[in-house]
Structures are given as structure tokens and as C-alpha cells.
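**Q** give me coordinates for this.
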Amino acid sequence: MLKVMGSKIRVVLTGTLVALLVLTAITGGAALLALEQLRTSEAKLRAHSVDRAAWLEQIRGGIYLSGTLARDYFVEPKGEGAPALMGRLAELEKETRQAVARYAGEASPGDPGAMQLRGEVTAYWRVLNLMVEIAGKRRSEGLDA
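**A** Here you go, the predicted structure:
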């Protein structure tokens, strides 16, 4: 009787151990899948952040460079290089506005920061274009004085 009972206990223990190993393997596999999904979503978020930072850098660079080009144009609006400066300014304006549109397009709806950035960049280019227009008009002696 003791021998039969020992045999049954051995079978129960072996079955329990196998079930425990199967449950551990299933839990480990589920954890690996969850970690892979987490890694994938984190990589997407990081790539998105890098893209947004690049767009902001493009906007900032366009604004800085446009200021330098405008200054050079204002010094001599009728000079030899004036058309090239104007062409580059127009190109910069287009690139900057596109970067702002991409940045704002990727922002969450109603993001006040993106809307404010768009408004400030638009105002900047309007003022700069007005200054270019005024600089391109004929100067009078009184104005130069």
C-alpha cells in the first residue's frame, strides 16, 4: 500500500512540476511579447521626437539665416547680388513655412505651442517681407539722411 501511494505521489509531483514549467514558459513568452511591443512603441516615439526636433532646428536656422540675408539686402537693395539674395530669402521662407506646417501637423490637436509657433513665424515673414518691399522702393535723399 505504501508502494502504491508513493507511486501516485510521484505522478502527482511530476505532473505539477510539468504544469509549473509550462506556465513559466507561457508567462515568459507573454512578457517577451509585451517588452517587444513596448520597445517598438518607444522607438516610434523617439523617431517622432527626433523628427520634431529637426523641424524646429530647420525653422530656427531659416529664421537666423533670413535675418542675415535680409541685412545684406538692406545694405544695398539695388546691388548686383540683390536678386540672388531675394531668391534665397523666398526659398528660405518656403522651407521654413513647410517645416512649421509639418511640425504643427504632427502636434496634438489644439496644441497651443504649435499654434503659437505658426503665428509667430507667419508674423515674422510678413514683417520681413514688408521691410524688403520698403527697402526695394526708390530712396529719397531725405530718407538717406
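**Q** does anything pack onto the longest helix that the chain contains? Which helices or strands?
**A** Determined from DSSP state H, the single longest helix within the chain is helix 2-75. Helix 2-75 sits against helix 82-106, helix 112-136, with contacts defined as 3 or more C-beta pairs under 8 Å, 6 or more residues apart in numbering; DSSP states H and E. (Each C-beta comes from the backbone N, C-alpha and C, glycine too.)
**Q** who touches the last one?
**A** By that I understand helix 112-136. Here helix 112-136 makes contact (C-beta atoms under 8 Å, 6 or more residues apart in numbering) with 59, 63, 66, 70, 73-74, 77, 86, 89, 93, 96-97, 100-101, 103-104, 107.
**Q** tell me the buried residues within these.
**A** Buried members of these, scored by 16 or more other C-beta atoms under 10 Å, are 59, 63, 66, 70, 73, 77, 86, 89, 93, 96-97, 100, 103-104, 107.
**Q** most widely separated two among those?
**A** Between any two of these, the greatest separation by C-beta to C-beta is 37.3 Å, found for Pro77 and Ala107.
**Q** quick one, what contacts the residue nearest the centre of the chain?
**A** Using C-alpha atoms, centre = their mean, the residue of the chain that lies closest to the mean C-alpha position is Arg52, 1.0 Å off. Listed by C-beta under 8 Å, 6+ apart, the contact set of Arg52 reads Tyr103, Glu106.
**Q** if you set the cut-off to 10 Å instead, what comes out?
**A** Arg102, Tyr103, Glu106, Ala107, Ala114 (C-beta atoms under 10 Å, 6 or more residues apart in numbering).
**Q** ok, for the third one, nearest residue in space, not its chain neighbours?
**A** Spelled out, that is Glu106. Arg52 (6.3 Å; C-beta to C-beta, 6 or more residues apart in numbering).
**Q** picking up where we left off before, out of the buried ones among the contacts of helix 112-136, who's nearest Ser41?
**A** Nearest to Ser41 among these is Ala107, at 18.8 Å by C-beta to C-beta.
**Q** need phi/psi at that closest one.
**A** Main-chain dihedrals, Ala107, degrees, to the nearest 10: phi -80, psi 160.
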